[in-house]
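Trainee: The sequence and its predicted three-dimensional model are supplied below.
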Amino acid sequence: MNRLSKLAIFLVIAMGAFFSSCSTEEPHIVCGREWNPALQLVADTTSEFELINPMIVQFRYGTGFDFPTIKIAFYEGTAANKGKEIWKYETKVNEKVSVYTLQGHSKRGGLMTAAEMTRHHAPGQIVIEATTGDRLLAVKEITLIKNKQ
């Protein structure tokens with residue numbers, strides 16, 4: 001292999017590494033049971049929660065928010081067959097952040113349970129939507145199940 005061929009292979013590898021590092025993640029909603037305060041991220045992602053499990057909802061955009069407000073809404077049902085709205089939360093955001101987290105403290109201490117966070121106290125399907133204006137940003141379906149104890 002001559003020197004020019006080695007240089008060409010090196011440049012192709014370097015360009016591939018450069019372009020793969022420039023990609024941004026797709027907007028998505030992550031739900032989990034554990035919060036990592038050092039990274040400010042949900043540490044354990046899942047789509048099934050017992051009603052008494054702690055629950056944190058996080059919307060990840062990938063780049064700084066390029067919109068002024070975000071609305072996170074909870075609905076009964078599935079994404080394909082969305083039922084009535086259970087509750088929603090709308091807040092102002094800015095371009096300096098790319099992650100928005102919903103978490104709360106339970107009346108019994110610790111993080112809010114899945115039943116408290118979703119405000120749905122029976123097993124079933126829940127849809128979480130993140131929107132801005134008329135634009136749908138991300139959707140997440142979760143399942144609430146009876147406590148296994």
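Mentor: Nice, I can see it.

Trainee: C-alpha from now on. contacts and neighbour counts both.
Mentor: Noted.

Trainee: Quick check: which ranges of this protein have low pLDDT?
Mentor: Low-confidence segments of the chain, defined by pLDDT under 70: 1, 4-24, 149.

Trainee: at 50 instead, please
Mentor: For the chain, the stretches flagged by pLDDT under 50 are 18-23.

Trainee: any idea where the strands of it begin and end?
Mentor: Under the criterion DSSP state E, strands of the chain are mapped to 28-32, 35-36, 41-42, 48-50, 56-60, 69-77, 82-92, 99-102, 124-132, 135-145.

Trainee: so the residue sitting nearest the centre point of the chain bridges to which residues?
Mentor: Centre of the chain computed as the mean C-alpha position; nearest residue by CA atoms, centre = their mean is I29, 2.1 Å away. Taking DSSP bridges as the rule, I29 bridges to F59.

Trainee: where's it relative to E141, distance?
Mentor: Using CA to CA, to the nearest Å, I29 is found at 9 Å from E141.

Trainee: Kindly report the same for W87.
Mentor: Separation of W87 from E141 (CA to CA): 15 Å.

Trainee: Check F67 too.
Mentor: According to CA to CA, F67 and E141 sit 24 Å apart.

Trainee: So for W87 and E141, which residue has more residues nearby?
Mentor: Neighbour comparison, W87 and E141: the larger count goes to E141, with 19 against 14 (by other CA atoms under 10 Å).
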